[in-house]
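Novice: the amino acid sequence is not available; the structure is as follows:
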């Protein structure tokens, strides 16, 4: 065997001997650190105190991003936006002008009417939840609970009892006695179903006058033998004239606002 291989074997033997000799000392140090670890850990009271202080920085950022991602769904389903945009869409369909007013205008009108009708709810949320939280008086969990109360009260005022009972029966839960006993997981879908129903009911009432105009124009053209004339070419100006004469936008907006009173 060459002298280089003998030197390598001797170095490895010395290294293993050193590690074997220091292994008991390393094991003893590890045991002592493990015994000292429970004493360094916080007690249960300290853990509860840390939890009561609120979320940490990364968790706050995660919660904020989650809320921002769900914001469109919250605006569309937990406010008056659904009913307003459905009624406005029925108006455009009843008139027969598929591009007037444009979709962007309808969405904008629905958004501003929603902001107007939801102003009392947002004011209550600011006073009861955000202001105390910004002042450091309550935690994030308490702020969320306080913010949910005015929103739940608004939704339940617009929710039909039959729709609420539908989800309670599906969940096999006893019917609540107060608004505070209704969880959001039941209040939100029941509110959405009620808003869709109310919006379609108002939409049918909006469509009836325009439907009568269409029937009258079509019958008149048939009686006069003018079958080649498109009825929409005559009914569209008449419907627009009728809508302007009765101040349709004013009546429609007043009906929408009264429906949320």
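Specialist: On my side now, so go ahead. Quantities reported herein were computed from a predicted structural model and do not represent experimental measurements.
Novice: who are the packing partners of the helix or strand hosting residue 194?
Specialist: In this assignment (DSSP states H and E), residue 194 forms part of helix 184-223. With contacts taken as 3 or more CB pairs under 8 Å, 6 or more residues apart in numbering; DSSP states H and E, helix 184-223 sits against helix 57-77, helix 81-95, helix 140-158, helix 161-171, helix 231-245, helix 248-259. Using the backbone N, CA and C atoms, a C-beta is placed for each residue, glycine as well.
Novice: and with 6 Å instead?
Specialist: helix 81-95, helix 140-158, helix 161-171, helix 231-245 (3 or more CB pairs under 6 Å, 6 or more residues apart in numbering; DSSP states H and E).
Novice: so which of these is nearest residue 198?
Specialist: Of all these, it is helix 81-95 that lies closest to residue 198, at 5.7 Å by CB to CB.
Novice: pLDDT of that closest one, averaged?
Specialist: Averaging pLDDT along helix 81-95 gives 90.
Novice: now do that helix and helix 184-223, the angle between them.
Specialist: Here the directions of helix 81-95 and helix 184-223 differ by 10 degrees (axes from the mean of the first three to the mean of the last three CA atoms, to 10 degrees).
Novice: I'd like the next helix or strand past helix 81-95.
Specialist: Downstream of helix 81-95 (by DSSP H and E), the next one is helix 103-117.
Novice: any idea of the angle that next one forms with helix 248-259?
Specialist: 40 degrees.
Novice: which parts of helix 103-117 are buried?
Specialist: 106, 109-110, 113-114, 117 (16 or more other CB atoms under 10 Å).
Novice: same question for stretch 79-91.
Specialist: Those would be 79-91, for stretch 79-91 by 16+ other CB under 10 Å.
Novice: and the gap between residue 257 and residue 107?
Specialist: Relative to residue 107, residue 257 is positioned 18 Å away (CB to CB, to the nearest Å).
Novice: just to revisit the earlier point, kindly calculate the angle that the helix holding residue 194 makes with helix 140-158.
Specialist: Using the same axes, to 10 degrees: helix 184-223 against helix 140-158 is 40 degrees.
Novice: in helix 184-223, what counts as buried?
Specialist: Those would be 186-195, 198-199, 202-203, 206-207, 210, 213-214, 217, 221, for helix 184-223 by 16+ other CB under 10 Å.
Novice: can you give me the mean pLDDT across that helix?
Specialist: On average, helix 184-223 scores 89.
Novice: thinking again about what came up before, dump the buried residues of helix 103-117 into a markdown table; add distance to residue 229 and pLDDT as well.
Specialist: Converted to a markdown table, those look like this (distance: CB to CB, whole Å; pLDDT from 0 to 100):
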| residue | distance to residue 229 | pLDDT |
| --- | --- | --- |
| 106 | 30 | 90 |
| 109 | 34 | 91 |
| 110 | 36 | 91 |
| 113 | 38 | 92 |
| 114 | 42 | 91 |
| 117 | 43 | 91 |
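Novice: and these, which two are the farthest apart?
Specialist: The most distant members of these, if one measures by CB to CB, are 106 and 117, lying 16.3 Å apart.
Novice: now this protein, which segments are flagged as low pLDDT?
Specialist: Within the chain, the ranges that satisfy pLDDT under 70 run 1-57, 59-60, 63-64, 67, 69.
Novice: still on that earlier bit, could you export the buried residues of stretch 79-91 as JSON lines, including distance to residue 233?
Specialist: JSON lines is the format used below for those (distance: CB to CB, whole Å):
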{"residue": "79", "distance to residue 233": "39"}
{"residue": "80", "distance to residue 233": "36"}
{"residue": "81", "distance to residue 233": "35"}
{"residue": "82", "distance to residue 233": "34"}
{"residue": "83", "distance to residue 233": "33"}
{"residue": "84", "distance to residue 233": "31"}
{"residue": "85", "distance to residue 233": "29"}
{"residue": "86", "distance to residue 233": "28"}
{"residue": "87", "distance to residue 233": "27"}
{"residue": "88", "distance to residue 233": "25"}
{"residue": "89", "distance to residue 233": "23"}
{"residue": "90", "distance to residue 233": "22"}
{"residue": "91", "distance to residue 233": "20"}
